[in-house]
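>>> just a sequence and a predicted model for now, questions to come.
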Amino acid sequence: MAYAFAPGEKNITRALRRIARQRVEASLALFEGSDMDEAQRIHELRKNVKKLRGLIRLVRPVFADYAEENRALGEAGRAIGHLRDADVRAAGLDALALRARLPKADRDALHAALVAETRPPTAAEAETALIAHLDALRLLRHRIEEWQVTAKGFAALEPGLVRALKRGARAMAAARKDPAGEPFHDWRKRVKDHWYHARLLTPVWPAMMTARATAAGELGEMLGDARDLDLLAEALAPMAAAEMPGAGKLAKRARRERAELTARAHRLGRLLYAEPPQALAARWRAWWRIGGA
């Protein structure tokens, strides 16, 4: 089930519904006898929500129901978003401790302290969250059949593409001024938007678009890893203040790795946003038309 528009596709309303329906059905299938473990299932469910939000952001300027659907998807994602936070944070700490060659006893003690601080949800809480997510998906599946966009062909996609690129460039500039604050997190979200948009349009010229999508994906991962290191450093600070063995060393390493990732991210970001949004959109529009000829 391709997460993509076909080159030259004129009926964007039909295509939008098709792609959204595929993502919803893929998520619903995870509730029906999937052989995935719980962590994998939650990961896939969250990915599908993000893909859906990326999809509707591409048509945002011509999609009257955007605000309502974006809000609904955000709520569906938040219903399950916390279910793996404790596990992910603990895994990040373990990986950082291994890179720092921390003794196992110190690593285990810090792991236990972090898990205690970020209490994982109970089985009942997780079940309630998943049921809420399932209910949201079922409602969404029905609403998708009423979705409409007010333009055809690439004209339905170009305004959203340009808008997302401009927002990404602004977010990158803000993140440079405030690398430790909320602008940095916002930049990551904007990069993810462009990653999804490049993937949705990859069929216009796969060899060229795959490279673009790969670069955007790498940048998004860098920014996500940098944020995770930030959060780890914050979590380790009180442990270091309490003089837990290894906590200070790990916090220092987290900050150093974060700074290195940030520098690499800004270099890649300048490359990704070097071309004016309108120019990039015009080039993709030409590829769209040629590919659909």
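Good, I have the coordinates. Numbers count the residues shown, from 1 in each chain.

>>> could you give the number of residues near E69?
21 (other Cβ atoms under 10 Å). Bear in mind the C-beta positions are built from the backbone N, C-alpha and C, glycine included.

>>> what residues are up against it?
Going by Cβ atoms under 8 Å, 6 or more residues apart in numbering, E69 touches 56, 63, 140, 143, 147.

>>> can you classify it by secondary structure?
What DSSP: H, G, I helix; E, B strand; the rest coil gives for E69 is helix.

>>> I'd like the numbering to begin with 30 instead of 1 from here.
In the new numbering, first residue 30, that becomes E98.

>>> name the helix or strand for L169, please.
If you go by DSSP states H and E, L169 is part of helix 152-173.

>>> which strands and helices sit next to that helix?
helix 41-58, helix 67-87, helix 95-110 (3 or more Cβ pairs under 8 Å, 6 or more residues apart in numbering; DSSP states H and E).

>>> those: which one's closest to G121?
Closest approach to G121 among the helices and strands packed on helix 152-173 is made by helix 67-87 (14.4 Å; Cβ to Cβ).

>>> got the buried residues for the closest one?
Buried positions in helix 67-87, judged by neighbour count with 16 or more other Cβ atoms under 10 Å: 70-72, 74-75, 77-87.

>>> avg pLDDT for stretch 125-135?
Mean per-residue pLDDT for stretch 125-135: 93.

>>> tell me the contacts of T239?
Counted by Cβ under 8 Å, 6+ apart, T239 has contacts T231.

>>> can you redo the contacts of E98 as CSV with distance to T147?
As requested, the contacts of E98 are arranged in CSV below (distance: Cβ to Cβ, whole Å):
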residue, distance to T147
I85, 31
F92, 37
L169, 30
R172, 35
W176, 38
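
>>> so how do I select the buried members of the residues you listed in ChimeraX?
Entered in ChimeraX, the line below selects the buried ones among the contacts of E98, by 16+ other Cβ under 10 Å:
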select :85,92,169,176
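
>>> right, and Y32 touches R50 too?
No: counting by Cβ atoms under 8 Å, Y32 does not reach R50; the two are 11.7 Å apart.

>>> circling back to that earlier point, between the helices and strands packed on helix 152-173, which gets nearest to R219?
helix 67-87 (9.8 Å).

>>> the helix holding L169 vs helix 41-58, what angle?
Angle of helix 152-173 versus helix 41-58, following axes from the mean of the first three to the mean of the last three Cα atoms, to 10 degrees, is 160 degrees.

>>> how far off centre is helix 152-173?
Using Cα atoms, centre = their mean, to the nearest Å, the mean C-alpha position of helix 152-173 is found 20 Å from that of the whole chain.

>>> residues making contact with it?
46, 49-50, 53-54, 56-57, 60, 67, 71, 74, 94, 98, 101-102, 104-105, 108-109, 111-112, 150.

>>> let's see 6 Å
Residues outside helix 152-173 that contact it (Cβ atoms under 6 Å, 6 or more residues apart in numbering) are 46, 49-50, 53, 56-57, 60, 105, 108-109, 112.

>>> tell me the domain ranges of the protein?
What automatic domain parsing lists as the domains of the chain is 38-112+150-181, 186-322.

>>> would you turn those domains into TSV with mean pLDDT and distance to A119?
Output for the domains of the chain, formatted as TSV (pLDDT from 0 to 100; distance: least, Cβ to Cβ, whole Å):
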stretch	mean pLDDT	distance to A119
domain 38-112+150-181	94	12
domain 186-322	94	10
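
>>> who wins for proximity to K133 among the ones you listed?
Closest of the domains of the chain to K133 is domain 186-322, at 10.5 Å (criterion: Cβ to Cβ).

>>> before we move on, the earlier item: list the buried residues for the helix holding L169?
Going by neighbour count (16+ other Cβ under 10 Å), the buried part of helix 152-173 is 155, 158-159, 162-163, 165-166, 169, 173.

>>> for stretch 295-303, same thing?
By neighbour count with 16+ other Cβ under 10 Å, stretch 295-303 contains the buried residues 295, 297-298, 301-302.

>>> burial measure for A288, as a count.
Neighbour tally, A288, other Cβ under 10 Å: 13.

>>> ok, L290 next?
With other Cβ under 10 Å as criterion, L290 counts 20.

>>> correct me, but it touches G249?
No: L290 is beyond contact range of G249, at 12.0 Å (criterion: Cβ atoms under 6 Å).

>>> quick one: closest of the helices and strands packed on helix 152-173 to E286.
helix 67-87 (23.4 Å).

>>> could you dump that closest one to CSV, C-alpha only?
Extracted C-alpha coordinates of helix 67-87, given in CSV (Å, rounded to 0.1, in the frame of the first residue of the first chain):
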residue,chain,number,x,y,z
GLU,A,67,3.0,-4.4,22.2
ALA,A,68,5.9,-2.1,21.7
GLN,A,69,6.0,-2.7,18.0
ARG,A,70,2.3,-2.2,17.6
ILE,A,71,2.3,1.1,19.5
HIS,A,72,5.2,2.2,17.3
GLU,A,73,3.4,1.4,14.1
LEU,A,74,0.2,3.0,15.3
ARG,A,75,2.1,6.2,16.1
LYS,A,76,3.8,6.2,12.7
ASN,A,77,0.5,6.0,11.0
VAL,A,78,-0.9,9.0,12.9
LYS,A,79,2.2,11.0,11.9
LYS,A,80,1.8,9.9,8.3
LEU,A,81,-1.8,11.0,8.3
ARG,A,82,-0.9,14.4,9.8
GLY,A,83,1.8,14.8,7.2
LEU,A,84,-0.6,14.0,4.4
ILE,A,85,-3.3,16.5,5.4
ARG,A,86,-0.6,19.2,6.0
LEU,A,87,0.3,18.8,2.3
